[in-house]
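Asker: sequence and predicted model, in that order:
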Amino acid sequence: MMPVLILLHLVGVIIWVGGMFFAHYCLRPVAVAQLAPPQRLPLLAGVLGRFFAVVAIAVGVILGSGFAMFFVVGFKNALLHWHVMMATGLVMAGVFAYIYGGVYPRLVAGVTTQDWPAAGAAMDRIRKLVAFNLHLGFLTIVVATLGAYFGRG
Ligand code: HEM
């Protein structure tokens, strides 16, 4: 059972964290350099709409498989770095829920009404929150993998 859960867990993590890396470090800088807001913001709203729909599934799979692994070994037997991963993973999921449910609709509304300042402000907020989640994601991967060197791991 555990190998299947780890496979599901890692596929979700790769899609989520890898997608954030691509969006933040590759797509957005080039879009900012080459496109004016009326072209850039609808493009980014469309790209992010597709990405966030997939991430919503990935987050469900990551949390489901992660907690399933806790149930398999029993919460009291879980290693310290598993608990740290759970905590940072839940923060990441909360930030994603806020982006998708709270900020992304403002980007879509701004693009729909062609209110570029409002859409730009929402996009800037999304950029900062995605940067936060991306780097917390890297940290979580470090904890998840190197954590075994420390403590009872
Ligand atoms: C509530 C959220 C999460 C829970 C409950 C959870 C739980 C777990 C558990 C129990 C394992 C098995 C560890 C082992 O076999 O030693 C695992 C593996 C792993 N998790 Fe998570 N996880 C969560 C979120 C995340 C997130 C957000 C990331 C990355 C951004 C992540 C990255 C990893 C990695 C890379 C492994 C493989 C570690 C290894 O096998 O060496 N996890 N997770």
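Answerer: Nice, I can see it. Residues are numbered from 1 along each chain as shown.
Asker: could you use CA atoms for every contact and neighbour count after this?
Answerer: Fine.
Asker: tell me, what residue is most central in the protein?
Answerer: Centroid-nearest residue in the chain: residue 16, 5.0 Å away (criterion: C-alpha atoms, centre = their mean).
Asker: show me where the protein dips below the pLDDT cut-off.
Answerer: Along the chain, segments meeting pLDDT under 70 span 151-153.
Asker: in it, where's the longest helix?
Answerer: helix 37-73 (DSSP state H).
Asker: C-terminal to it, what's the next element?
Answerer: Downstream of helix 37-73, the first helix or strand assigned by DSSP states H and E is helix 80-98.
Asker: now the longest helix of the chain and helix 80-98, what's the angle there?
Answerer: Here the directions of helix 37-73 and helix 80-98 differ by 150 degrees (axes from the mean of the first three to the mean of the last three C-alpha atoms, to 10 degrees).
Asker: return the set of buried residues in helix 37-73.
Answerer: The neighbour-count check on helix 37-73 (16 or more other C-alpha atoms under 10 Å) flags 37, 40-42, 44-45, 48-49, 51-52, 55-56, 58-59, 61-63, 65-66, 68-70 as buried.
Asker: next one: stretch 79-89
Answerer: Applying 16+ other C-alpha under 10 Å to stretch 79-89 flags 79-82, 85-86, 88-89 as buried.
Asker: swap in stretch 90-104?
Answerer: By 16+ other C-alpha under 10 Å, the buried positions in stretch 90-104 come out as 92-93, 95-97, 99-100, 103-104.
Asker: sweet, I'm off.
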